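Participant: give me a 3D structure for the following:
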Amino acid sequence: MTDQSQAAPKSRGRPKGTGAKRVYEGLREDILHLRLPPGANIEEAALEKRFEVSRTPVREALIRLASEGLVSLLPNRSAQVADIAISDIPQFFEALDVCQRLVLRLAAHRHSDAHLDELRALNQQFATAAKARDVVAMSELNLNFHTITARASGNKYIASLYNELLSVGLRLARSAFGAALAERDVDEGYYREVVDHHEAMIDALARRDPDASEELGQKHTDLFRRRIIRAIESDLSRDIDLTTLAG
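Facilitator: The predicted model follows:
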């Protein structure tokens, strides 16, 4: 009989589930920043090699990304980065408007002081990144700012929907502005308005004013919508009827 005290120690590999998490986070970042553009094929074998994992964690990550609308799983077990269709933009802004207003209204009632501290810090970092014309940092900081408001809403289901819309919005912005265009032509007026809106949101939340918070959510959606339309008009399409995007 084997002495239990002499049993071989268990393997000290990565904790279960960390492989799928690494694949998810890496692939999500690639998708959000258009290193993998809409419609691109996703090679599972390449992901297995890149992240040094088996197929199972890769599939788990793809399923999670598909649930967030970032990946399309195809019948033959292949996958693609989800497309962003021009025809879907009005529906996106309709959903964003409703969800953003609701998130801020709930957050006005339910936020904590810690949420406000995080929002103030992120908005200051965003303003600094805007002065430095760091578009990538601005994108991440803006996403993080609104993710905090989602958390402050105190409703995990609404927060999940809102975070999915925020991811679509980030990809839409990067697609419409164009990475190269954004790097050389930062719209300082627009980003100043974003900072001002964020500051006003923080103030309304701090006052626990749900009506003002909701109104600012609507104005913020309208600001983003107008910026996207201008970008498309000037850079991407002369053949699309852009009046349909105004909702």
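Participant: residue 118 against residue 146, yeah?
Facilitator: No - Residue 118 is beyond contact range of residue 146, at 11.6 Å (criterion: Cβ atoms under 8 Å). The way it works is simple: take the backbone N, C-alpha and C, and place the C-beta from them, glycine included.
Participant: so those two - more neighbours on which side?
Facilitator: residue 146 (24 against 19; other Cβ atoms under 10 Å).
Participant: for the helix or strand containing that one, which positions count as buried?
Facilitator: In this structure, residue 146 sits in helix 135-152 according to DSSP states H and E. For helix 135-152, burial by neighbour count (16 or more other Cβ atoms under 10 Å) applies to 135, 138-152.
Participant: closest to residue 215 among those residues?
Facilitator: Nearest to residue 215 among those, counting by Cβ to Cβ, is residue 149 at 14.5 Å.
Participant: now do the contacts for that closest one.
Facilitator: Residue 149 makes contacts with 103-104, 107, 115, 119, 201, 205, as judged by Cβ atoms under 8 Å, 6 or more residues apart in numbering.
Participant: at 6 Å instead, please
Facilitator: The contact partners of residue 149, taken as Cβ atoms under 6 Å, 6 or more residues apart in numbering, are 103, 107.
Participant: residue 210 contacts residue 106, doesn't it?
Facilitator: No - judged on Cβ atoms under 6 Å, residue 210 makes no contact with residue 106 at a distance of 7.9 Å.
Participant: what distance do you get for residue 46 to residue 26?
Facilitator: Here the criterion is Cβ to Cβ, to the nearest Å. By it, residue 46 lies 12 Å from residue 26.
Participant: and residue 41, by the same measure?
Facilitator: Distance of residue 41 to residue 26, computed by Cβ to Cβ: 17 Å.
Participant: look at these two and report which has more neighbours.
Facilitator: More crowded of residue 41 and residue 26, by other Cβ under 10 Å: residue 26, with 14 against 11.
Participant: can you tell me the element the more buried one falls in?
Facilitator: Assigned by DSSP H and E, residue 26 falls within helix 18-32.
Participant: next helix or strand past that helix?
Facilitator: Heading C-terminal from helix 18-32 (DSSP H and E), you reach strand 41-42.
Participant: circling back: just flag the most distant two among the buried residues of helix 135-152.
Facilitator: Greatest spacing in those, by Cβ to Cβ: 135 and 152 (26.2 Å).
Participant: now do the host helix or strand of residue 58: which elements does it pack against?
Facilitator: Here residue 58 sits within helix 55-67, counting by DSSP H and E. With contacts defined as 3 or more Cβ pairs under 6 Å, 6 or more residues apart in numbering; DSSP states H and E, helix 55-67 has these neighbours: helix 18-32, helix 44-51, strand 71-73.
Participant: how far away is the residue most central in space within the chain from residue 198?
Facilitator: Residue closest to the average C-alpha location in the chain (Cα atoms, centre = their mean): residue 167, at 2.8 Å. Separation of residue 167 from residue 198 (Cβ to Cβ): 19 Å.
Participant: now do stretch 211-224, average pLDDT.
Facilitator: The pLDDT scores in stretch 211-224 average 98.
Participant: just stretch 71-91 next, same as before
Facilitator: Averaged across stretch 71-91, the pLDDT comes to 87.
Participant: buried residues in the helix or strand harbouring residue 204?
Facilitator: According to DSSP H and E, residue 204 maps onto helix 188-206. The neighbour-count check on helix 188-206 (16+ other Cβ under 10 Å) flags 191, 193-194, 197-202, 204-205 as buried.
Participant: for stretch 51-68, same thing?
Facilitator: For stretch 51-68, using 16+ other Cβ under 10 Å, the buried residues are 51, 53, 57-62, 64-65, 68.
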